[in-house]
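S.K.: Okay, structure incoming, though there's no sequence with it:
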């Protein structure tokens, strides 16, 4: 039925590509992939070709009379929200300074580091074991006033909220963590255990710090969308599906997207404040406000999946970065030798339900 609908109503190369994907994949996999990449809008009557543009002035997604959609150049002015609406949304959703409740946690320029947790229902008592100030952002209104709502865009909205609020009052280092102590992407080495064994006092006196907590000893969670053909193809497909959202939200600051993307998966990392401030405050605020704006269709926003790919890139990692076994970013070899004195973090003795601690071993080439 879907094949018939596509061939009858949509025509052209776009529908042929979709039909080809249906023929090449299992029905379940193909449908999930297609719906994620925007098929819903097509089923509901939106064009699949160049007539579709994320255009606020035209009512978001209205046919454009055959006008070609912009490629990766800056979009037309009408694609952006009116200035008054943008200012209003920024004021509501993207803070310029931390609240009293946020400052009460001890996070700020006087701390060596702050732990930011995108908290869920599970206990986050483990986050306090590193002896650092902890900001636990809930995704619903709380009595202590530390929360980020609405509950959309997973940890990305939490991270962006913290960056917006503390941009001018950042500690030297910030650790961004999920609300679970461990998961499939760092089961052997819980992030908090890795953090406790980093020489934070020494790191706080340096710059250019980026360390992933999801690297994996055998790099099984490395994103290689710049060197592995199949992953590059997936990255390019992601960009095609989100061409409009990149132009709206990223291009004014970042320009055209990179042709490939490499880095660590799953968005748990330690980063220095100079890396965060490498992008303008206005960029972070506009990104957060747009994600939380219920008046902007989700199809016109950067997806959480794309953000997961690009956090390292947004924080100064090169797009062709290749993961290291020690989790360090592009400056990692020199910095890790300098601050770790030739030691590298090895797997934790973590077992389900156990405390688990990480141990150091002599340096192994990464």
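M.R.: Good, I have the coordinates. The shown structure was predicted, so the numbers you read here are calculated from the model rather than taken from an experiment.

S.K.: hey, let's count contacts and neighbours off CA atoms from now on
M.R.: Will do.

S.K.: Quick one: name whatever helix or strand follows the helix or strand hosting residue 176.
M.R.: Element membership for residue 176, per DSSP states H and E: strand 173-178. Moving toward the C-terminus from strand 173-178, the next helix or strand (DSSP H and E) is helix 191-196.

S.K.: So which elements touch the strand holding residue 176?
M.R.: strand 113-118, strand 269-272 (3 or more C-alpha pairs under 8 Å, 6 or more residues apart in numbering; DSSP states H and E).

S.K.: and it, which strands flank it?
M.R.: Sheet pairing for strand 173-178, assigned by DSSP bridges, gives strand 113-118 (parallel), strand 269-272 (antiparallel).

S.K.: Columns mean neighbour count, distance to residue 190 and mean pLDDT on top of the helices and strands packed on strand 173-178, output as JSON lines?
M.R.: Listed next are those as JSON lines, based on neighbours: other C-alpha atoms under 10 Å; distance: least, C-alpha to C-alpha, whole Å; pLDDT from 0 to 100:
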{"stretch": "strand 113-118", "mean neighbour count": "24", "distance to residue 190": "14", "mean pLDDT": "96"}
{"stretch": "strand 269-272", "mean neighbour count": "24", "distance to residue 190": "12", "mean pLDDT": "94"}
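
S.K.: Give the buried residues for the strand or helix carrying residue 88.
M.R.: Assigned by DSSP H and E, residue 88 falls within helix 83-93. Of all the residues in helix 83-93, those buried under the rule 16 or more other C-alpha atoms under 10 Å are 86, 89-90, 93.

S.K.: what's the angle from the helix or strand encompassing residue 282 to helix 83-93?
M.R.: Residue 282 belongs to helix 281-291 when assigned by DSSP H and E. Angle of helix 281-291 versus helix 83-93, following axes from the mean of the first three to the mean of the last three C-alpha atoms, to 10 degrees, is 90 degrees.

S.K.: who does helix 281-291 touch, helix- and strand-wise?
M.R.: helix 83-93, helix 154-166, helix 243-249.

S.K.: so which of these gets nearest residue 295?
M.R.: Residue 295 lies closest to helix 83-93 among these, at 10.0 Å (C-alpha to C-alpha).

S.K.: next SSE after that closest one?
M.R.: With DSSP H and E, the next secondary element past helix 83-93 is helix 100-103.

S.K.: helices and strands around that following helix, which ones?
M.R.: Secondary elements touching helix 100-103 (3+ C-alpha pairs under 8 Å, 6+ apart): none.

S.K.: hmm, 10 Å instead?
M.R.: Packed against helix 100-103 by the contact rule (3 or more C-alpha pairs under 10 Å, 6 or more residues apart in numbering; DSSP states H and E) you find strand 134-137, helix 154-166.

S.K.: Going by neighbour count, which residues of the last one are buried?
M.R.: Using 16+ other C-alpha under 10 Å as the test for burial, helix 154-166 gives 155-166.

S.K.: Would you reformat the residues you listed as a markdown table and include distance to residue 260 and pLDDT?
M.R.: Below are the buried residues of helix 154-166 laid out as a markdown table (distance: C-alpha to C-alpha, whole Å; pLDDT from 0 to 100):
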| residue | distance to residue 260 | pLDDT |
| --- | --- | --- |
| 155 | 24 | 90 |
| 156 | 21 | 91 |
| 157 | 24 | 92 |
| 158 | 26 | 93 |
| 159 | 24 | 95 |
| 160 | 24 | 95 |
| 161 | 27 | 93 |
| 162 | 28 | 96 |
| 163 | 26 | 97 |
| 164 | 28 | 96 |
| 165 | 31 | 95 |
| 166 | 31 | 97 |
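
S.K.: And these, which is closest to residue 225?
M.R.: residue 156 (20.6 Å).
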